[in-house]
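**Student:** A predicted structure for the sequence below; I have some questions about it.
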Amino acid sequence: MGRANDDAAAALEEYADLFAMTGGDAFRVRSYQKAAKAIAGYPEDISRADVRKVPGVGEAIAKKVEEFLQRGGFRQLDDLRMQVPEGVRMLTRIASLGPKKAVFLYRELGIDSPEALAEAIGEGRLAGLRGFGAKTEENLLKGIEQLKQASERVHLGVAMNLAELIIASLPAEKIAYAGSLRRMKDTIGDIDILAVGPATIMEEFKGLPYVAEVIASGGLKTSVRTTRGLQVDLRVVPAESWGAAMQYFTGSKEHNVRLREMCVKRGWKLSEYGLFEGETVIASKTEEEIYEALGMQWVPPPLREDGGEVQAALRGELPELVTLADLQGDLHTHTNLTDGIATLEEMVEAAARHGYAYYAVTDHAPNLFMQRMTLEKALEQRAQLHRLQDEYPDMRLLHGTELNIAPDGSVDWPAEILEGFDVCVASVHSHFSQPRDEMTSRFITACENPNVHIIGHPTTRKIGKRPPVDADWEAVFEAAARTNTALEIDAYPDRADLPSDLVRLARHHGVKFSIDSDSHAVPHLGNLRFGVGIAQRAWLTRDDVINAWPLERLLAFLGRG
DNA sequence: GCCGTTTTCGGCCCGACTGTTTTCAGTCG
């Protein structure tokens, strides 16, 4: 499912996992993981380009990838799949359970799925097993619970890619996605697609390569489950009720209930076929007509959550939401100097193609030891960036860094070093389970550092993998507003951090935001649109977002004017 | 399995935390 690069990367990742579980050499495991990451982040389509050009891919991996592209698998992967059941690999998705313990549990007790593990713990069968004490059991149960909740939804990026792929491959007069995807929610339970189209569209839909199972199928609606387990509904609607159907299926349910209440009071009826007075159609062709007939502004989908948008639209007071086109630059990106996979030149060139007025490179700082950053490397990068600047007269290159917020709130370098950077993002990367009050003062201390401009991915959550850290967010927002520290909206779709409800809360405290891609590869730059979705859901306008500002205003905010 | 203006062999991201050890293995970022 998806781009050839993503499919091949997923296969290599699976191979790396299985290879590790079957006792394979750790360095080779890392080679497969590295190649997978590089292929996923490679800007060219590897089904057309030579995969040997991807850094980290040599002859052996290239052969595997080529075989994979031809027939959807490769021999060594097939062999390992025979040895390790799929469910055992699923075990490693449980937090705190890695390949060694997973295979140990399988060999010792025949445990071959998270469910089987939960059962075994319940029956006390792990008691006395080497390396499995009471605390471990408790953590495993917690991890299984978390996994269960996560697996029911996917993050916006996965759903959006799939929806766009489906839409592009179905011929229709009109076709679009609705539902929570159109509202840009950070997680998606199922995908709703509407189409005005030829009678053959249902058959074509069922025949798509990533359809694993047809759940139900009729003339107007077909539901399928994809190979990744996501449900997709396709509805065929009459052209004349396109707007009503889009409105109805975009939701949210609560927003629609609010509208229908208004209709009832006027003796009208609103359904997926139109707005009616008795048998007479008042509006149905476009959403705009429908909202207008109801005496209100058209409501942008991200606002349709019954969070005051109906009342505001009736008064004609909806905010002018920030858009992707408003963004003048990206203030949090990486290169291969730390954990990115593209060079500085490649990232800058890609940024220029986005038409940015400014662009910041913010590689990690020394305290994230595994990145092996040094001041010398940072200064060399700065010099390199200055040389590059001449080639990009229309885009101001900013040299930044992503600092590490230590448990006490301090960051990597002393003030005199930090002052040399154009922009400093500071983020939490460890000690996630600090008690609430310590975590809160950790953030506040970081905000109070005059050289910290932006708090990166503040909650540090990873959707489906890691819960948000616990902090008194109102206290943090107050500090951010007081110290003129922006909070990041990290657009990377498995982070989506801050989430929109906290953004909205922070805005009430007067906080400004930076919508950043946190790119580690060229294609990631395009993720900014997901950040804009979060911002819109939080009612942000251009004025709330520092990287929607012109360069001069941004530099003044950074104290670098 | 990849990679090389210190290497075509011998390195490879490395340190911290957790829970379980009685000196460390496994997991994570």
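**Tutor:** Structure's in. What do you need? Numbering: from 1, shown residues only, chains lettered A, B, ... in the order given.
**Student:** residues contacting A:Arg258?
**Tutor:** If you count contacts by C-beta atoms under 8 Å, 6 or more residues apart in numbering, A:Arg258 has them with A:306, A:310. Where C-beta positions appear, they are placed from N, C-alpha and C, glycine not excepted.
**Student:** ok so it is a helix residue?
**Tutor:** Yes. Note on A:Arg258: a helix contains this position according to DSSP: H, G, I helix; E, B strand; the rest coil.
**Student:** And it, how far from A:Glu309?
**Tutor:** Look at A:Arg258 and A:Glu309: by C-beta to C-beta, to the nearest Å, they are 9 Å apart.
**Student:** A:Ala244 now?
**Tutor:** Taken as C-beta to C-beta, the spacing of A:Ala244 relative to A:Glu309 amounts to 19 Å.
**Student:** Pick out whichever of the two has more residues nearby.
**Tutor:** Comparing A:Ala244 with A:Glu309 by neighbour count (other C-beta atoms under 10 Å), the higher total belongs to A:Ala244, at 26 against 21.
**Student:** what about that one, helix or strand, and which?
**Tutor:** Using DSSP states H and E, A:Ala244 sits within helix A:242-250.
**Student:** Residues touching that helix, excluding its own?
**Tutor:** Applying C-beta under 8 Å, 6+ apart, the external contacts of helix A:242-250 come out as A:174, A:176, A:178-179, A:182-183, A:192, A:194, A:196, A:235, A:237, A:256, A:270-275, A:283-291, A:301, A:304.
**Student:** cool, stretch A:51-60 as well?
**Tutor:** In this structure, residues lying in contact with stretch A:51-60 by C-beta under 8 Å, 6+ apart are A:8, A:31, A:34-35, A:37-39, A:42, A:44, A:46, A:61-62, A:65-66, A:341.
**Student:** Now list the buried members of those.
**Tutor:** Of the members of those, the ones counted as buried by neighbours, 16 or more other C-beta atoms under 10 Å, are A:8, A:31, A:34-35, A:37-39, A:42, A:46, A:61-62, A:65-66, A:341.
**Student:** Tell me which two of the residues you listed sit farthest apart.
**Tutor:** Greatest spacing in the buried ones among the contacts of stretch A:51-60, by C-beta to C-beta: A:Glu66 and A:Ile341 (20.8 Å).
**Student:** Restricted to strands, list the contacts of helix A:242-250.
**Tutor:** With DSSP state E as the criterion, strands contain A:174, A:176, A:192, A:194, A:196, A:235, A:270-271, A:274-275, A:283 from among the contacts of helix A:242-250.
**Student:** element containing the nearest residue to A:Ser169 once chain neighbours are set aside, please.
**Tutor:** Distances taken as C-beta to C-beta, 6 or more residues apart in numbering place A:Leu208 nearest to A:Ser169, at 6.4 Å, with adjacent residues excluded. Secondary structure assigned from DSSP H and E places A:Leu208 in neither a helix nor a strand.
**Student:** Got phi/psi on A:Leu208?
**Tutor:** The phi and psi torsions at A:Leu208 (degrees, to the nearest 10) take the values phi -60, psi 150.
**Student:** so it makes contact with A:Ile167?
**Tutor:** No. A:Leu208 is not in contact with A:Ile167 according to C-beta atoms under 8 Å; the separation is 11.2 Å.
**Student:** Would you indicate which residues of the helix holding A:Ala244 are buried?
**Tutor:** By 16+ other C-beta under 10 Å, the buried positions in helix A:242-250 come out as A:242-250.
**Student:** Give me the mean pLDDT for that helix.
**Tutor:** What helix A:242-250 shows for mean pLDDT is 94.
**Student:** Then stretch A:293-303?
**Tutor:** pLDDT averaged over stretch A:293-303 equals 95, rounded to a whole number.
**Student:** before we move on, what about stretch A:466-481?
**Tutor:** Throughout stretch A:466-481, pLDDT has a mean value of 93.
**Student:** Equivalent analysis for stretch A:155-174, please.
**Tutor:** Mean pLDDT, taken over the full extent of stretch A:155-174, equals 92.
**Student:** Go through it and flag the buried ones.
**Tutor:** Applying a neighbour-count criterion of 16+ other C-beta under 10 Å, one finds A:155-163, A:165-166, A:170, A:172 buried in stretch A:155-174.
**Student:** next one: stretch A:322-330
**Tutor:** Residues of stretch A:322-330 classed as buried by neighbour count (16+ other C-beta under 10 Å): A:322, A:324, A:326-330.
**Student:** mind listing the helices for the stretch 401-550 of chain A?
**Tutor:** In the stretch 401-550 of chain A, the segments counted as helices under DSSP state H, counting those that start in this stretch are A:415-418, A:436-448, A:473-482, A:500-508, A:528-537.
**Student:** Just give the number of residues close to the closest residue to DNA strand B within the stretch 101-250 of chain A.
**Tutor:** For the stretch 101-250 of chain A and DNA strand B, the shortest gap (C-beta to the nearest atom of the strand) falls at A:Gly133, measuring 1.9 Å. Number of residues near A:Gly133 (other C-beta under 10 Å) recorded here: 12.
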